[in-house]
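1. Show me how the following folds:
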Amino acid sequence: MPLSAFQNTFAGNPLNRASERRGDASWLAEKLASSESLAVAVWNGKPFVENAKDGGVQIAYLPARMAEELSGGPERLLFLGLWQETAVFAVDLEGGADPADGPLAGLGRFEDLRAMALRLPATDAAIMSTAKQMFEWRRRHRHCASCGEQTNVVDGGWKRACPACNVEHFPRTDPVVIMLAVHEDRCMLGRQEIWPAGMFSALAGFLEPGESIEEACARELEEEAGLKTVSVAYHSTQPWPYPSSLMIGLIAQVENDEATPDQTELSEVRWFTKPEARDLLAGKIEGTFAPGAMAIAHQLLKAWAESAD
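-> As a prediction, the model looks like this:
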């Protein structure tokens, strides 16, 4: 059951993470060897999937023992958690040769997560997002930040430990504020020059050390568009596996509509009434479009456009 009224794509992982079991090496080994345990596979960031009966796609689960054999060791294995009493693991596969043409032939295929996220069941998208983010973190942090020694994977893959200086390294998620600026009966969207022509979206930026969420929102709006924030309301969050961020969705009331794009982050801004925002989401404004439904920016705009005046 969702913990809030609204749940974004990549949220809603149904697995019990069973963090209390991660440090039990004998229990993990027992579960890996069990014929009842399952695993998901990721190859170069792409999930292993199969066709679903409803015409979409779904996770193509593997026996956990097969995943262990493919992994070559703990560096590429991850304990994701429990589905009821069934242990679920993940295996990280790399290299130029597609494993679906080799050891996994006939069992499924690898597809880009972003491209198929809305065709996956929401729970499957959340499970694969978790696996992708964890493997990205592990690949980027193979050496100790304190002494440079190569670290070891421990606790079911949720921690890296330095054998030289004993420092422990844990997964990191980068918080990002993403906000829809609103003044009276209009909202503001911006665009960056590098985006596809005609695309407008909510403004966003990383939360900096020593900032609250509200302060980061106000700073970003002032830096990028020259707007003063009056108040900030929370909407929802979205785990974003590119590579590992938490998008914090906000609605920000601003003092006026005198926005000035900074020409560094933003090249243009545009204000929309609620009817115009609904047309934008429906693709009815020629030459202008918003991010797709997978993105929290889409959901922020939709929530505001459909809200009561």
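2. So this protein: which segments form each domain?
-> Using automatic domain parsing, the domain parsing of the chain gives 19-140, 174-305.
3. Report the mean confidence score over the first one.
-> By that I understand domain 19-140. What domain 19-140 shows for mean pLDDT is 97.
4. Please apply the same query to the longest one.
-> When the per-residue pLDDT values of domain 174-305 are averaged, the result is 97.
5. Now do the helices in the stretch 101-250 of the chain.
-> Remark: helices assigned in the stretch 101-250 of the chain by DSSP state H, counting those that start in this stretch are 113-116, 122-140, 213-225.
6. circling back to that earlier point, in TSV: the domains of the chain, plus distance to Glu149 and mean neighbour count.
-> Yep, even glycine has a C-beta here, placed from its N, CA and C like the rest. Below are these laid out as TSV (distance: least, C-beta to C-beta, whole Å; neighbours: other C-beta atoms under 10 Å):
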stretch	distance to Glu149	mean neighbour count
domain 19-140	15	18
domain 174-305	23	17
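7. if we compare those, which one ends up closest to Arg160?
-> domain 19-140 (6.9 Å; C-beta to C-beta).
8. okay, how far is it across that closest one, tip to tip?
-> 22 Å (C-alpha to C-alpha, to the nearest Å).
9. Over to stretch 19-31?
-> End to end - C-alpha to C-alpha - stretch 19-31 spans 15 Å.
10. ditto for stretch 190-203
-> 7 Å.
11. what's the spacing between it and its chain's center?
-> How far stretch 190-203 lies from its chain's middle: 20 Å, per C-alpha atoms, centre = their mean, to the nearest Å.
12. Likewise for stretch 38-45?
-> Distance, centroid of stretch 38-45 to centroid of chain: 16 Å (C-alpha atoms, centre = their mean).
13. Report the backbone C-alpha coordinates of that stretch in PDB.
-> Taking Å, rounded to 0.1, in the frame of the first residue of the first chain, the C-alpha atoms of stretch 38-45 are listed here in PDB:
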ATOM      1  CA  LEU A  38      15.100 -15.600  -7.100                       C
ATOM      2  CA  ALA A  39      17.300 -13.000  -8.800                       C
ATOM      3  CA  VAL A  40      17.100 -10.100 -11.200                       C
ATOM      4  CA  ALA A  41      19.800  -9.300 -13.700                       C
ATOM      5  CA  VAL A  42      21.200  -6.000 -14.900                       C
ATOM      6  CA  TRP A  43      23.600  -5.700 -17.900                       C
ATOM      7  CA  ASN A  44      25.300  -2.400 -18.300                       C
ATOM      8  CA  GLY A  45      22.500  -0.800 -16.500                       C
END
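14. Need the contact partners of that stretch.
-> Residues from elsewhere that reach stretch 38-45, judged by C-beta atoms under 8 Å, 6 or more residues apart in numbering: 47-48, 59-64, 66-68, 70, 80, 83, 86-95, 98-100, 104, 110, 113, 127-128, 131-132, 135-136.
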